[in-house]
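**Q** Just a sequence and a predicted model for now, questions to come.
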Amino acid sequence: MYKKKDPVTRLCTSDVDNIWVRGRNLCDDLMGKMSFGEFVVFHFLGKDATSLQKAVVDGVLVCIMEHGLTPSAIASRVTYLGAPESLQGAVASGLLGAGSRFVGTADQAAELLKKIVNKPSEERKKEAMDIASQFNASGKFLPGFGHPIHINGDPRVKRLESIARSAGAKGEFLDAMYLLGDAIKEVSQKNIVINVNATIGAVLLEADMPPSIARGFNLIARCAGLVGHILEEQTEPAGYQIWKMVDEAIPYIE
C-alpha cells in the first residue's frame with residue numbers, strides 16, 4: 001500500500017493493453033497527435049507545450065544535432081570501429097564527452113543568465129561584469145562563450161534568437177546573454193564570441209524550461225547526430241583512418 005512518504009513516479013506506467021504517460025494513453029492520445037518536440041515538453045513538464053516551447057525546443061534540437069567531426073563524433077566512430085556490434089556503446093561514448101568544454105554548457109550558461117535576470121534591470125549590467133570578471137580572474141572558460149571554429153560569431157546564435165523572439169519570447173534572458181557577452185569582451189580584452197550554448201540556455205529559460213536540464217536537450221539532439229555518424233561509418237568508414245592519423249601524428253618518446 002502506498003504511503004505518503006514513499007517515492008512515486010508521475011511519468012509512465014503500463015498494463016497488459018495500454019501504456020499511460022502523464023495520465024494520457026500513449027497510442028490513443030499522443031502518437032500521431034504530438035511531434036517529438038511537443039512530446040518531450042509534455043513528458044518533462046506534464047502539460048502541453050506552448051507555441052513558444054514548440055518553437056524553441058524544435059530550434060534547439062535542430063541547431064545542436066550536428067557539427068561535423070567533433071570530439072564526440074570521433075569518439076563514436078572509433079568506438080564503433082572496435083565494437084561494431086554495439087551501436088549503443090558507440091553512441092554512448094560520444095555522449096560521455098558532452099561537458100564543460102564541448103556540447104554541454106547550456107545548463108551552466110542558463111544558471112548565469114538567471115543570476116543576471118534575477119537582479120533589478122538597473123543592476124544587470126553590473127552583475128554581468130561581476131560574473132565575467134570572476135571567470136576571467138580564475139582563468140576558467142565562461143560557459144557558453146568562445147568558439148574554436150566560429151571565431152567571428154556562431155551563426156546559430158542569431159537564428160535561434162530570432163526563432164524564440166518570433167514565437168513570443170520576452171527577451172530578458174537573451175538580453176542578459178548579450179550583457180554577459182559584452183562584459184567578457186571588456187574584461188578580457190579579447191574577441192570572445194557568444195556560442196550557441198549560451199543561446200540555448202537563454203531560449204530555454206525564455207520558454208520556461210528548467211535550467212537544470214538544459215544540457216539534456218543537447219544530449220537528445222546530439223544522440224541523433226551520432227547515430228547519423230555511425231550510419232555513415234557503416235558505408236563510408238573513417239574510424240580506422242582517424243586511428244591511423246593519430247598514431248602517426250603523436251610520437252612516442254622516452
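**A** Yes, it's here.
**Q** Show the residue spans covered by the strands in the chain.
**A** In the chain, the strands defined using DSSP state E lie at 12-14, 19-21, 24-25.
**Q** partners of the first one in the sheet?
**A** For strand 12-14, sheet partners with direction are given as strand 19-21 (antiparallel), following DSSP bridges.
**Q** residues of the strand it pairs with that come out buried?
**A** Using 16 or more other C-beta atoms under 10 Å as the test for burial, strand 19-21 gives Val21. Backbone N, C-alpha and C define where each C-beta goes, glycine included.
**Q** centre of the chain versus that strand, how much separation?
**A** Offset of strand 19-21 from its chain centre (C-alpha atoms, centre = their mean, to the nearest Å): 27 Å.
**Q** Which residue comes closest to Glu172 once chain neighbours are left out?
**A** Counting by C-beta to C-beta, 6 or more residues apart in numbering, Val117 is the residue found nearest to Glu172 once chain neighbours are left out, at 5.1 Å.
**Q** Over to Leu87?
**A** Here the nearest residue to Leu87 in space, its sequence neighbours aside, is Ile230; by C-beta to C-beta, 6+ apart that works out to 6.2 Å.
**Q** my read: that neighbour touches Gly89, true?
**A** No - Ile230 is beyond contact range of Gly89, at 10.3 Å (criterion: C-beta atoms under 8 Å).
**Q** Name the residue in the two with the higher neighbour count.
**A** Taking neighbours as other C-beta atoms under 10 Å, Ile230 and Gly89 compare with Ile230 leading, 19 against 14.
**Q** so where's the chain shaky on pLDDT?
**A** 1-2 (pLDDT under 70).
**Q** From the centroid of it, which residue is nearest?
**A** The centroid of the chain falls nearest to Asn218 when counting by C-alpha atoms, centre = their mean (2.5 Å).
**Q** contacting residues around that residue?
**A** Residues near Asn218 by C-beta atoms under 8 Å, 6 or more residues apart in numbering: 60, 64, 98, 103-104, 106, 197, 200.
**Q** Among the residues you listed, which ones are in helices?
**A** Within these, residues falling in helices by DSSP state H are 60, 106, 197, 200.
**Q** Quick check: of these, which lies closest to Trp243?
**A** The shortest approach to Trp243 among the ones in helices among the contacts of Asn218 belongs to Asn197, at 29.1 Å (C-beta to C-beta).
**Q** what comes up buried for the longest helix along the chain?
**A** For the chain, the helix with the greatest residue count under DSSP H is helix 214-235. Buried residues in helix 214-235, counting neighbours by 16+ other C-beta under 10 Å, are found at 214-223, 225-227, 229-230, 233.
**Q** With stretch 84-91 instead?
**A** 87, 90-91.
**Q** Of these, which is the nearest to Leu11?
**A** Using C-beta to C-beta, Val91 comes nearest to Leu11 of those, at 22.6 Å.
**Q** The contacts of Asn218 into JSON lines, with extra columns for distance to Ala49 and neighbour count?
**A** Formatted as JSON lines, the contacts of Asn218 follow (distance: C-beta to C-beta, whole Å; neighbours: other C-beta atoms under 10 Å):
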{"residue": "Val60", "distance to Ala49": "13", "neighbour count": "29"}
{"residue": "Ile64", "distance to Ala49": "18", "neighbour count": "24"}
{"residue": "Ala98", "distance to Ala49": "24", "neighbour count": "21"}
{"residue": "Val103", "distance to Ala49": "24", "neighbour count": "24"}
{"residue": "Gly104", "distance to Ala49": "23", "neighbour count": "21"}
{"residue": "Ala106", "distance to Ala49": "19", "neighbour count": "31"}
{"residue": "Asn197", "distance to Ala49": "22", "neighbour count": "28"}
{"residue": "Ile200", "distance to Ala49": "17", "neighbour count": "30"}
